[in-house]
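Engineer: pasting the sequence and the predicted coordinates here, then a few questions.
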Amino acid sequence: MKNILVLCTGNSCRSQMAHGYLNKFADGKAKIFSAGIETHGLNPDTVAIMKEDGIDISNHTSNNVDEYATIDFDYIITVCNHANENCPYISSKNAVRLHNNFFDPSKVEGTKDEKYDAFLKARNEIKTYCINFLKENL
């Protein structure tokens, strides 16, 4: 079984979406972890947009990457530039490191509809990425 870490700045939004999709689509072939360089708590808009697509992440927690120091990862996926540029040393010997900078919907200001659209856009991009990642790597 493969160990996959999804890393973001605060482990509240984009990494949580990827965690949910990877967990669903890996179909038991991988153990999925998500973490942040910091912990910002689980974003309620993230929980809501994922639930719309049939994935319940309400039981996820916002974790710091240091909590997983003893796990040997096969893949480390950073989902924002800040995490990619500031990622602490992770001692996984053979981890393949991948990066995709998804925009941060939690930073969007505007109407309720504009915020919703931002989360929907991010969710759909992350879903597509996760499906393609798993097709190519598992």
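Structural biologist: Yep, it's here. Numbering: from 1, shown residues only.
Engineer: and Asn3, bridged to which residues?
Structural biologist: On the basis of DSSP bridges, Asn3 is bridged to Lys31.
Engineer: report the buried residues of the helix or strand of the chain with the lowest mean pLDDT.
Structural biologist: The weakest-scoring helix or strand in the chain, judged by mean pLDDT, DSSP states H and E, is helix 81-86 (a mean of 79). Going by neighbour count (16 or more other C-beta atoms under 10 Å), the buried part of helix 81-86 is His82, Ala83, Asn84. Just so you know, the C-beta spots here come from the backbone N, C-alpha and C atoms, and that holds for glycine as well.
Engineer: just these now: which is nearest Asp104?
Structural biologist: His82 (9.2 Å; C-beta to C-beta).
Engineer: for that closest one, which non-adjacent residue is closest in space?
Structural biologist: Thr9 (4.7 Å; C-beta to C-beta, 6 or more residues apart in numbering).
Engineer: contacting residues for that neighbour?
Structural biologist: Thr9 makes contact with Gly36, Ile37, Glu38, His40, Cys80, His82, Ala83, according to C-beta atoms under 8 Å, 6 or more residues apart in numbering.
Engineer: what lies in contact with the least confident helix or strand of the chain?
Structural biologist: Leu7, Cys8, Thr9, Gly36, Ile37, Thr78, His99, Asn101.
Engineer: what subset of those residues is buried?
Structural biologist: Counted by 16+ other C-beta under 10 Å, those give Leu7, Cys8, Thr9, Gly36, Ile37, Thr78 as buried.
Engineer: greatest separation within these: which pair is it?
Structural biologist: Gly36 and Thr78 (10.6 Å).
Engineer: mutual contacts of the two, please.
Structural biologist: With C-beta under 8 Å, 6+ apart as the test, Gly36 and Thr78 both reach Leu7, Cys8.
Engineer: still on that earlier bit, how much space between the residue nearest to His82 and Ser15?
Structural biologist: As judged by C-beta to C-beta, to the nearest Å, Thr9 and Ser15 stand 9 Å apart.
Engineer: hang on, the earlier thing: with just CA atoms, put the least confident helix or strand of the chain into PDB.
Structural biologist: Extracted in PDB, the C-alpha atoms of helix 81-86 (Å, rounded to 0.1, in the frame of the first residue of the first chain):
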ATOM      1  CA  ASN A  81       3.300  27.500  -3.900                       C
ATOM      2  CA  HIS A  82       3.900  28.600  -0.300                       C
ATOM      3  CA  ALA A  83       4.000  25.000   0.900                       C
ATOM      4  CA  ASN A  84       6.200  24.000  -2.000                       C
ATOM      5  CA  GLU A  85       8.700  26.800  -1.300                       C
ATOM      6  CA  ASN A  86       8.600  26.400   2.500                       C
END
